[in-house]
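# okay, sequence plus prediction incoming.
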Amino acid sequence: MKLTSSEIEKKRSENIKEISNTHFDALVVGGGINGAVSTLALRSRGVNVALFEKNDFASGVSQESSNLVWGGFKYLESYELKLVMELCHSRNRLARAYPSRLVEKRFLAALDSSSPFAPWFAALGANAYWGIGQFATKRPRYRSPRTIKRLEPSVRADNLIGGIEYSDHLIVENDSRFVIQMIVDAAERGASVSNYMTVLEADYLKKRWHLKVKDEILDQEFETTSDVLVNTAGPQVSEICNMSNTKTESNLVFSKGVHLIVPRVTDSGRILAFFDETKRLFYVIPMGECSVIGTTDERVKQHEVSVSSDDIDFLLKEANTKLSLSKPLNAQDVIAQRVGVRPLVIPKGGVDQDKDWTELSRRHEVETNRRYRMISVLGGKLSDCLNVGEEVVSSLEDLGYKTSKPTNRWYGEPSGAEKSIFFHAAKKNGIEEDVIKELWRRHGSRSFDVIENISNDPRSAEKLSENIDYCLAEISVMKKHEFIYDSEDLLRRRTLIGQTVPRSQLEKDSGFAALIEHLKK
Ligand SMILES: Cc1cc2nc3c(=O)[nH]c(=O)nc-3n(C[C@H](O)[C@H](O)[C@H](O)COP(=O)(O)OP(=O)(O)OC[C@H]3O[C@@H](n4cnc5c(N)ncnc54)[C@H](O)[C@@H]3O)c2cc1C
């Protein structure tokens, strides 16, 4: 449901006026993780930067991931040691910088007689992975079939030959919320960020980029200029190249991945991992009160994809084969679906061969086109985002830009001192410890505004309902700071509500009605 009002229209008109009257150092096209991290990294170095996203922020592939921040254990299989080292390093930096938004999770990989590895070999790999990851997580452990059965009764015991437990990280709230928080942080540091703004044309004339942009909410076109163009359009990188008459040296191919969200499979908090019938890893991942099962990996030609009945049948069959549930999962159990394409890079000179596409490196490429002063990001992961941000800054410097060194770490949650002040203030307001932690994780520095709302109106602290684990004091803050123009922006990308509560249930929920009413105000 669209949430337009005269106030929103006025704000967007003023935004257009400001953007079209400014010549920017850099314009970023695409508000997924790569656009978010590039904008934050550039702005933190004093670059005058604007970001345009044609739909909502993080509504592309960055809302369809497995929510994992990981070091790429599975790439050890293809001996991509350098990639695993880089990913582990990036994972560790992210985990240290976002201690409440990311949580270390135990993965239990249960192996049976059809698995491609024996448990001793998997244990060797897990220990190597732990070492490559600088021992930053809990130690991996071998698990016998009996122990697996005791720890995870939902895992099917017949055929089990053992397993391993190891750690990586999970984004607690949602991949898209993680991205949007980064964009809001960039905006608070002075970046100009706009969702629902499509870049229609990009021309390089007299050493300047001239962009024609359309505000999709006001249905209004305008122009703006910059020295450098940063192309972070994800799977649509080549479309931006076509419109700007440029080319990248590397290319992308796409692999479709589907996840299904179902009622919770295990209460342990662990991530369960199995090999599916194609010998690919298959996960059961916690998401709020639910579990996410997936994923598929299918080569596709187009980036627009949807979930087919074959995808659903495949995932449910795999889950039912590996799990022993009181009632097997069926299509009626599916609460929501996620589908997107992994943008995989074929580096310069590489050939797109269908047969070995699964072996393509999952590393990103940041390319600089000096002639046209354009930086393009191809591929990339949430897990590797800090490297992308820093490489984009280096590319800008290569183009002759002097950037200023950030005074503080350019990424991450607010400081420990700020956190202590918030915890103290929240306790004084009578808020319970668990809720304080949740508010901090969800809103960071903006949690202070939440408690201010609560002290102005104590009733705004009440959770909206059993299904909706948010209070109006939070929704007000999100509405003010998080660029929400449609109820789906909040339900699907800023919270887990839209994916973990069946629509039919939401529609009968009085808390949901109150939430929508509040958004429309
Ligand atoms: C099934 C699956 C599971 C995954 N799991 C993980 C995981 O667990 N961990 C991990 O780290 N990574 C994972 N990934 C990879 C990761 O999600 C993606 O590589 C990453 O999100 C890509 O981000 P992006 O910013 O490049 O693209 P996107 O998020 O797609 O962003 C590009 C944006 O550009 C916008 N855009 C395009 N054209 C224009 C235009 N003309 N004007 C304005 N905006 C425009 C689009 O609307 C889009 O929002 C997974 C991917 C898939 C598909």
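Sure thing, it's come through. What you are looking at is a predicted structure, and each value in this text was computed from that prediction instead of being measured.
# which stretches of the stretch 401-521 of the chain aren't confidently modelled?
Residues of the stretch 401-521 of the chain meeting the criterion pLDDT under 70: none.
# hmm, try it at 90
406-408, 429, 521 (pLDDT under 90).
# show me where it has its helices.
416-428, 433-443, 447-456, 472-481, 487-488, 497-500, 503-507, 510-520 (DSSP state H, counting those that start in this stretch).
# mind putting these into CSV with distance to the ligand and mean neighbour count?
C-beta here means a position set from N, CA and C on the backbone, and glycine is covered the same way. Putting the helices of the stretch 401-521 of the chain into CSV (distance: least, C-beta to the nearest ligand atom, whole Å; neighbours: other C-beta atoms under 10 Å) gives the following:
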stretch, distance to the ligand, mean neighbour count
helix 416-428, 26, 14
helix 433-443, 19, 18
helix 447-456, 26, 19
helix 472-481, 19, 20
helix 487-488, 14, 16
helix 497-500, 14, 20
helix 503-507, 22, 12
helix 510-520, 22, 16
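# so which of those gets nearest residue 106?
Residue 106 lies closest to helix 433-443 among the helices of the stretch 401-521 of the chain, at 19.7 Å (C-beta to C-beta).
# is the ligand contacted by the longest helix anywhere in the chain?
If you go by DSSP state H, the chain has its longest helix at helix 81-97. No: Helix 81-97 stays clear of the ligand (C-beta under 6 Å from any ligand atom), getting no nearer than 8.4 Å.
# counting by contacts, list what that helix packs against.
In terms of contacts (3 or more C-beta pairs under 8 Å, 6 or more residues apart in numbering; DSSP states H and E), helix 81-97 is packed against strand 68-69, strand 102-112, helix 119-132, strand 160-171, helix 385-398.
# if I read this right, residue 114 contacts residue 278, doesn't it?
No: using C-beta atoms under 8 Å, residue 114 is not in contact with residue 278, being 10.9 Å away.
# rewinding a little: just say which of the helices and strands packed on helix 81-97 is most tucked in.
strand 68-69 (a mean of 26; mean count of other C-beta atoms under 10 Å).
# mind giving me the packing neighbours of that one?
The helices and strands touching strand 68-69, judged by 3+ C-beta pairs under 8 Å, 6+ apart, are helix 81-97, strand 160-171.
# endpoint to endpoint, stretch 325-345 covers what distance?
In stretch 325-345, first residue to last residue: 39 Å (C-alpha to C-alpha, to the nearest Å).
# tell me which parts of the stretch 51-200 of the chain are close to the ligand?
When proximity is defined by C-beta under 6 Å from any ligand atom, the stretch 51-200 of the chain lies next to the ligand at 52-55, 59-62, 64-68, 198-199.
# ok, 8 Å please
Within the stretch 51-200 of the chain, the positions adjacent to the ligand are 52-70, 175, 179, 197-200 by C-beta under 8 Å from any ligand atom.
# and the gap between residue 80 and the ligand?
Taken as C-beta to the nearest ligand atom, to the nearest Å, the spacing of residue 80 relative to the ligand amounts to 15 Å.
# my guess is that residue contacts residue 72. True?
Yes: if you go by C-beta under 8 Å, residue 80 and residue 72 touch, sitting 7.4 Å apart.
# one step back: filter the residues of the stretch 51-200 of the chain next to the ligand to the buried ones?
Among those, those that count as buried by neighbour count (16 or more other C-beta atoms under 10 Å) are 52-70, 175, 179, 197, 199.
# among those, which are located in helices?
Among those, the ones falling in helices (DSSP H) are 175, 179.
# which residue ranges form the helices in the stretch 151-300 of the chain?
Using DSSP H, counting those that start in this stretch, helices in the stretch 151-300 of the chain cover 175-188, 237-244.
# between these, which one is nearest to residue 460?
Of the helices of the stretch 151-300 of the chain, nearest to residue 460 by C-beta to C-beta is helix 175-188, at 20.9 Å.
# now the angle from the closest one to helix 81-97?
For helix 175-188 against helix 81-97, the angle by axes from the mean of the first three to the mean of the last three C-alpha atoms, to 10 degrees is 70 degrees.
# in helix 175-188, which residues are buried?
175-187.
# please apply the same query to stretch 274-288.
274-276, 282-288.
# right, is stretch 228-239 up against the ligand?
Yes: Stretch 228-239 reaches the ligand (C-beta under 8 Å from any ligand atom) through 232-237, 239.
# just the buried residues of those residues.
232-237.
# and the furthest pair within these?
Across these (C-beta to C-beta), the longest gap, 11.2 Å, separates 232 and 235.
# sec struct for residue 363, please.
Assigned by DSSP: H, G, I helix; E, B strand; the rest coil, the conformation of residue 363 is coil.
# what's the burial count for it?
21 (other C-beta atoms under 10 Å).
# format the helices and strands packed on helix 81-97 as a markdown table; extra columns: distance to residue 143 and mean pLDDT.
Formatted as a markdown table, those follow (distance: least, C-beta to C-beta, whole Å; pLDDT from 0 to 100):
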| stretch | distance to residue 143 | mean pLDDT |
| --- | --- | --- |
| strand 68-69 | 20 | 96 |
| strand 102-112 | 7 | 96 |
| helix 119-132 | 8 | 96 |
| strand 160-171 | 5 | 97 |
| helix 385-398 | 32 | 97 |
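# and of the ones you listed, who's closest to residue 17?
The minimum distance between residue 17 and the helices and strands packed on helix 81-97 falls on helix 385-398, with 26.6 Å, by C-beta to C-beta.
# ok, now which ones touch the nearest residue to residue 16 once chain neighbours are set aside?
In this structure, residue 16 finds its nearest non-sequential neighbour in residue 222, 5.1 Å apart by C-beta to C-beta, 6 or more residues apart in numbering. Residues near residue 222 by C-beta atoms under 8 Å, 6 or more residues apart in numbering: 16, 19-20, 212-213, 215.
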